[in-house]
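[1] Turn this into a structure:
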Amino acid sequence: MPHVVDSSVWIEYLAEGPLADDAAPYLDPPGEVITPTVVLYEVYRWARREGGDSPAMEAVGHIEHTRIVSADAAAAIVAAEVGAERGLPAIDAFVYGTARLEGCGLVTLNGHFRDLPGVTLLGAQE
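    Below is the predicted model:
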């Protein structure tokens with residue numbers, strides 16, 4: 001089933017962090033992963049800052065196998081509504097709004113999304 005994967009999950013996986021094994025199943029198969037362009041931006045920026053051009057392009061190479069979704073007018077409106085209703089920062093609102101527009105779930109490590117419908121929060125302490 002298709003799902004949006006937040007940048008926090010990509011970064012955890014690429015950095016081989018403690019939850020990388022938990023993140024991996026959500027990134028495979030890549031055809032089931034929906035990537036908002038703002039997620040590509042955040043992951044590329046992180047990888048370039050941490051390791052330079054080569055790791056950044058390697059990260060892009062992984063993401064390019066997913067379905068990349070650009071923000072359009074509908075995404076902007078949904079993001080603004082969701083952001084206002086849920087108190088989400090702008091990029092988070094675009095990520096969550098994309099999941100809503102695509103009719104799928106969101107997988108994240110980001111606590112801003114806690115308790116939102118359709119969110120799988122990896123590493124959450126219950």
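[2] When you work out contacts or count neighbours from here on, use the C-alpha atoms and nothing else.
    Will do.
[3] show me where the chain has strands.
    Using DSSP state E, the strands of the chain run over 3-5, 33-36, 67-69, 105-108, 119-121.
[4] List the contacts of the first one.
    With contacts defined as CA atoms under 8 Å, 6 or more residues apart in numbering, strand 3-5 is touched by 26-27, 32-36, 95, 98-99, 104-108.
[5] so which of these is the most crowded?
    Within the contacts of strand 3-5, most neighbours by other CA atoms under 10 Å means Thr98, with 28 neighbours.
[6] mind checking which of the strands of the chain is nearest Gly17?
    strand 105-108 (13.9 Å; CA to CA).
[7] and the closest one, which strands flank it?
    strand 3-5 (parallel), strand 119-121 (parallel) (DSSP bridges).
[8] so how far is the first one from its chain's centroid?
    Pointing back at strand 3-5 there. Averaged C-alpha coordinates place strand 3-5 at 6 Å from its chain's average position (CA atoms, centre = their mean, to the nearest Å).
[9] Which of the contacts of strand 3-5 sits closest to Arg114?
    The closest of the contacts of strand 3-5, once distances to Arg114 are taken by CA to CA, is Thr108, at 9.3 Å.
[10] Is the closest one in contact with Val9, as I believe?
    Yes: Thr108 lies in contact with Val9 (CA atoms under 8 Å); the separation is 5.6 Å.
[11] so what's the closest residue to Ile11 other than its chain neighbours up against?
    Among residues not flanking Ile11 along the chain, Val43 sits closest, at 6.4 Å (CA to CA, 6 or more residues apart in numbering). For Val43, the contact set (CA under 8 Å, 6+ apart) comprises Ser7, Trp10, Ile11, Ala56, Ala59.
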